[in-house]
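**Student:** Next one to model:
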Amino acid sequence: MSYAFRDRLATAENTTWVAVVVAAVLIAAPFFLGGFQTSLLTRTLIFALFAVAFNLLYGYTGLLSFGHAMFVAVAGYTAAKTASVVAPALGLGELFGGLAPIATWLLILVLGVIMATIVAVIIGYLSVRLDEIYFALITLAFSMAIFVVFLQDTIGELLHAFGMGEGNWSNGSDGLTFLMGDVQALGFEFPLVSLVDPFHYYFLALFVVTLGLYALWRIVQSPFGMICKAIRENPERARALGVDVTYHQWITFIISGAFSGLAGGLLVTLSGQVNPEAHAHWSFSAVPVLMTVIGGPYSFLGPVFGAFVHEYLRWIIRQYPLLESYWQGSFGLLLLIVVLFLDNGVAGGIDRFRAWLGVASNRYSAEGAGGVVALTSETVSGFAATLQKKLSR
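**Tutor:** Predicted structure coming up:
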């Protein structure tokens, strides 16, 4: 057996074991966590899907969007209207009985993805004709336009002008709230989503997020994903090779919007409410950007790491009033550390640490504990020299 093949086999085995351990931890977590921590973990997993969907456009295709909040908002309002209007109109309670909340939830996800995809098709077609900062600005403009539509209840006013409704479709700045109800099956009764402890909803969200991440991973590993990377690296050369760059960017935009809509449906159902300030404002579009930069845009799991760092660091900051008062500064310091020392965010840092452990193991075998101490000193000195060099520019 060649050394190269043996190394690849060992790496695959290690990856499998890591995946098994992570899956076991995630499945067991809600049995040991309290209600708040289960809710936080559920929210983090949903944001991980949102960030990876965003990164399909940014990290793999090279297009920075400042407007991905619009897909979450569109899916969120679709969720609220589906739960409060569409599901009762279809008579899902009579059709599915005690399983009606689950049927409503599935309908929410399907309609949320459909509506987000429709928005992505239209806005993406207009946006991908621009490059770089102009693309970022036009996505921001479209997102803020949708924010204003929900904030001023433009849809409600239009429907009222045609004699439909009372002019209160999105409820303005107050947004919409809804309840999913209790599931009754096999003699058991439990709330599908509980604001106090979303124990049952956690497993549904974990299942959907896992399927979504797997689907995105298959996309980036496909020939389509390779074309996206080629466009990111050099769109002119890709175009010279016969690739329809604009078309592929458009399709990537649509896929990214669809999966962002899926995350939006999950997120809004978890909280049971949607409003323009929380889900459609430009500041919400910055969340997947921050998660991706922190985690690493050039690694598939980078945004997942970034989502966990972002959400749990934000939770830690909330525990200290002084830090909470200046939480933007705390995140600014984190981003500074990432930019200065990590080539690819947390994912790049993990790769570096694994490489360092390999070198440390070799030094320990050759020189004992003194070799590891010397390597640690060299590493710290190298970081200090790098910092000094970058700050002196």
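
**Student:** quick one: residue 356 and residue 382 touch, right?
**Tutor:** No - taking contacts as Cβ atoms under 8 Å, residue 356 lies outside contact range of residue 382: 10.7 Å. Any C-beta I mention is one placed from the backbone N, CA and C, and that applies to glycine too.

**Student:** between those two, who's got more neighbours?
**Tutor:** residue 356 (13 against 10; other Cβ atoms under 10 Å).

**Student:** That one: helix or strand, and which one exactly?
**Tutor:** In this structure, residue 356 sits in helix 345-367 according to DSSP states H and E.

**Student:** The following helix or strand past that helix packs against which elements?
**Tutor:** Using DSSP H and E, the helix or strand that follows helix 345-367 in sequence is helix 369-391. If contacts are counted by 3 or more Cβ pairs under 8 Å, 6 or more residues apart in numbering; DSSP states H and E, helix 369-391 sits against helix 327-341, helix 345-367.

**Student:** Next, the buried residues of helix 369-391.
**Tutor:** 371, 375 (16 or more other Cβ atoms under 10 Å).

**Student:** Please apply the same query to stretch 326-339.
**Tutor:** Buried residues in stretch 326-339 (16+ other Cβ under 10 Å): 330-331, 334, 338.

**Student:** same deal with stretch 124-144?
**Tutor:** Within stretch 124-144, the residues scored as buried using 16+ other Cβ under 10 Å are 124, 127-128, 135-136, 138-140, 142-144.

**Student:** Just the CA atoms of the one helix or strand residue 308 maps to, as CSV, please.
**Tutor:** Assigned by DSSP H and E, residue 308 falls within helix 302-318. Below are the C-alpha coordinates for helix 302-318, written out as CSV (Å, rounded to 0.1, in the frame of the first residue of the first chain):
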residue,chain,number,x,y,z
GLY,A,302,-16.3,27.4,7.4
PRO,A,303,-19.7,29.2,7.6
VAL,A,304,-21.0,26.5,10.0
PHE,A,305,-18.0,27.2,12.3
GLY,A,306,-18.7,30.9,11.9
ALA,A,307,-22.4,30.5,12.8
PHE,A,308,-21.4,28.7,16.1
VAL,A,309,-18.7,31.3,16.9
HIS,A,310,-21.1,34.2,16.1
GLU,A,311,-24.1,33.0,18.0
TYR,A,312,-22.3,31.6,21.1
LEU,A,313,-19.9,34.6,21.4
ARG,A,314,-22.9,36.9,21.1
TRP,A,315,-24.6,34.9,23.9
ILE,A,316,-21.4,35.1,26.1
ILE,A,317,-21.2,38.8,25.6
ARG,A,318,-24.9,39.2,26.7
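
**Student:** before we move on, the earlier item: just give me the closest of the buried residues of stretch 326-339 to residue 227.
**Tutor:** Of all the buried residues of stretch 326-339, residue 227 sits closest to residue 338, with 28.6 Å by Cβ to Cβ.

**Student:** ok, for residue 174, nearest residue in space, not its chain neighbours?
**Tutor:** Distances taken as Cβ to Cβ, 6 or more residues apart in numbering put residue 275 closest to residue 174, at 6.5 Å, once the chain neighbours are dropped.
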